[in-house]
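Asker: Just to be clear, the model below is a prediction. Sequence and coordinates:
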Amino acid sequence: MLIRTVSLYLNTLRYTKPKQIWFRLFFLIRGIFRKITRFKYFTAVAKESSQLTMLPSIFIPRKLFSYPSTNKSLYPIVFTFLNKSQCFDKIDWNFSEHGKLWQYNLNYFDFLNQNDVGFDYGKMLMEDFCQNIKRIRDGHEPYPTSLRIINWIKFFSRYGNNNRELSNVLYRQALILYDNLEYHLMGNHLLENGFALLFAAYFFQDVKFYKKAKEIIVSELKEQILADGGHFELSPMYHQIILFRLLDAINLVKQNGFMNHELLDILIEKASRMLNWLNIISFEDGSIPLLNDSANGIAPNTSELNEYAIALGVTSRTSHLTIPLNESGYRKVKTEHYEAIIDVGNIGPDYIPGHAHADTLSFELRVDENPFIVDTGTSTYEDNEMRYWQRSTKAHNTVTINEQNSSEVWKSHRVARRAKIIKLEENKGVIEASHDGYKNIGAVHTRKFEFTNNSIVIQDKIDSDNRGYYCHAYLHLSPGIEPIINNSIIKIGKNSVRFDGADAIWVEDYEYAPEFNRLIPAKMVIAAFKKTLRTSIHI
């Protein structure tokens with residue numbers, strides 16, 4: 001057990017950037033020193049805040065909270081995040097019974113963007129937070145602090161009304177964030193830190209905040225937005241979140257003259273690429289594939305993001321931009337009858353794969369715009385069995401060998417050994433790729449997709465000198481689809497799936513997770529094979 005644990009840590013840390021390790025040690029040592037010296041942040045008084053101008057952003061279309069109809073009393077108040085509701089007679093900003101992500105959402109203050117929140121009621125919520133600020137714990141972490149800073153400033157800008165006391169608290173939060181930037185995590189966390197400092201810089205006309213924001217945003221956008229426009233963590237949901245933040249930043253910079261709009265060009269260029277990628281990866285109905293850590297109901301949807309971009313004039317400046325999917329590792333095949341999305345890339349950036357799943361060579365399929373073969377989705381970030389299963393290879397439409405994961409996902413957001421694409425060949429109607437995720441047992445998995453207008457043929461091949469292995473191929477069906485097995489053929493409504501080379505075929509239950517904390521019973525088809533398997537999907 002000890003050897004296994006040491007191996008997991010070593011295979012995880014070996015991919016970490018030296019900068020991440022240095023900052024982890026720095027924050028650890030600084031934390032010990034500050035505890036000994038009883039360090040406390042000084043009470044800062046904000047500069048005079050500016051009245052910012054912004055075009056309407058995207059409103060939250062769903063109810064995140066409800067409150068007394070009189071709109072004069074704060075309580076009772078009901079918050080609903082991640083499909084879990086909690087009623088408070090007094091808000092507990094440390095409430096953790098629904099998990100840490102729920103508590104984070106409570107401290108994000110996204111609910112200020114709900115379109116029925118008036119200034120007076122929003123101000124009461126912020127004042128309640130301020131009254132309890134010394135008792136708040138996880139809500140002061142840099143990530144929720146970043147989102148809260150942005151949401152408070154957007155709220156003030158929306159109503160053209162600032163509050164001196166709240167501005168002082170906001171300024172102090174920005175100073176603390178500046179001192180605790182997430183260089184140890186990097187990725188979308190650090191980028192959100194940069195966007196928060198950008199909003200604070202404009203709100204307080206603060207050059208110090210601006211210089212740091214510019215440094216982070218420019219370097220991280222160049223690092224995180226791939227040439228094909230995909231966000232490098234390869235989650236369509238986080239792609240939507242970061243694109244939304246980019247569009248808000250464009251709104252901020254374009255409508256206000258601070259620093260002469262100097263970030264506008266790079267913001268628009270990256271947003272345009274991201275929008276192009278999102279429009280390609282989204283299905284015909286505008287929904288996203290649930291690849292890696294993705295769920296519905298978290299980020300603004302594709303339609304809302306397109307409308308917001310048009311209002312900001314982003315797409316009109318770059319309407320010629322049509323970059324195909326490439327560096328992100330995803331491929332989209334669309335015919336008259338189906339849409340297929342295939343994963344033939346690596347699992348994400350080596351130094352931050354926390355939102356990755358062990359899904360190499362998996363795919364999703366919609367037939368006549370209806371979900372057919374689906375990714376199982378994400379329902380939780382908690383460190384539990386459901387999280388382990390949803391990140392596992394068997395929870396995706398690909399192949400396991402000896403029931404191992406192709407990438408060694410562990411804990412809630414860690415990856416040790418990980419699969420790498422070692423061959424990729426693409427021709428008209430054909431995509432073939434191999435990965436080395438099973439090299440620890442001396443095997444290589446090759447998968448070949450062949451597409452026609454009414455069929456998809458998938459050929460799986462296992463190359464190995466070791467004869468003591470067994471393989472399983474998985475197909476996760478959308479809820480409500482009942483497969484019927486007839487020898488080597490699975491009848492699924494008007495469609496059929498034929499397995500050639502399978503030693504056995506059977507159906508099992510699984511739970512589909514389209515949203516956080518929402519599980520729907522569904523069926524998955526499993527085919528056992530030894531060396532080769534040919535799967536023919538007839539549509």
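Answerer: Good, I have the coordinates.
Asker: got the buried residues for the helix or strand hosting residue 219?
Answerer: Under the criterion of DSSP states H and E, residue 219 resides in helix 207-224. Applying a neighbour-count criterion of 16 or more other CB atoms under 10 Å, one finds 209-210, 212-214, 216-217, 220-221, 224 buried in helix 207-224. Heads up, the C-betas are built off the backbone N, CA and C, glycines and all.
Asker: just stretch 118-134 next, same as before
Answerer: The neighbour-count check on stretch 118-134 (16+ other CB under 10 Å) flags 121-126, 128-129 as buried.
Asker: Please dump these into CSV; it should also carry secondary structure for every row.
Answerer: Listed next are the buried residues of stretch 118-134 as CSV, based on DSSP: H, G, I helix; E, B strand; the rest coil:
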residue, secondary structure
121, helix
122, helix
123, helix
124, helix
125, helix
126, helix
128, helix
129, helix
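Asker: tell me which of those is nearest to residue 523?
Answerer: Closest approach between the buried residues of stretch 118-134 and residue 523, by CB to CB: residue 125, at 44.1 Å.
Asker: So the closest one is in contact with residue 79, correct?
Answerer: No: look at residue 125 against residue 79 with CB atoms under 8 Å: they stay out of range, at 10.3 Å.
Asker: shared neighbours of those two, anything?
Answerer: residue 111 (CB atoms under 8 Å, 6 or more residues apart in numbering).
Asker: C-terminal to the helix or strand harbouring residue 475, what's the next element?
Answerer: Per DSSP H and E: residue 475 is located in strand 471-476. Scanning forward in sequence from strand 471-476 by DSSP H and E, the next helix or strand is strand 484-486.
Asker: That following strand pairs with which strands, parallel or anti?
Answerer: strand 489-492 (antiparallel) (DSSP bridges).
Asker: what residues does the partner strand touch?
Answerer: Strand 489-492 has contacts (CB under 8 Å, 6+ apart) with 372, 477, 481-484, 496-499, 505, 525.
Asker: In PyMOL, how would I select the buried members of these?
Answerer: Filtering the contacts of strand 489-492 down to the buried ones (16+ other CB under 10 Å) takes a single PyMOL command:
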select buried, resi 372+477+481+483+496+497+498+499+505+525
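Asker: okay, the contacts of strand 489-492 in TSV with distance to residue 270 and pLDDT next?
Answerer: Output for the contacts of strand 489-492, formatted as TSV (distance: CB to CB, whole Å; pLDDT from 0 to 100):
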residue	distance to residue 270	pLDDT
372	34	97
477	37	97
481	39	94
482	45	93
483	43	94
484	48	92
496	44	94
497	40	96
498	44	96
499	44	96
505	46	96
525	40	97
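Asker: rewinding a little: what is the helix holding residue 219 packed up against?
Answerer: helix 164-178, helix 187-204, helix 264-281 (3 or more CB pairs under 8 Å, 6 or more residues apart in numbering; DSSP states H and E).
Asker: how close does the residue nearest the centre of the chain sit to residue 378?
Answerer: The C-alpha lying nearest the average C-alpha coordinate of the chain belongs to residue 238 (CA atoms, centre = their mean; 3.0 Å). Look at residue 238 and residue 378: by CB to CB, to the nearest Å, they are 11 Å apart.
Asker: Check which helices and strands the helix or strand harbouring residue 102 is in contact with.
Answerer: Using DSSP H and E, residue 102 sits within helix 100-108. With contacts taken as 3+ CB pairs under 8 Å, 6+ apart, helix 100-108 sits against strand 77-81, helix 142-159.
Asker: got the angle between it and helix 142-159?
Answerer: Here helix 100-108 points in a direction 30 degrees away from that of helix 142-159 (axes from the mean of the first three to the mean of the last three CA atoms, to 10 degrees).
Asker: Fine by me, we can end here.
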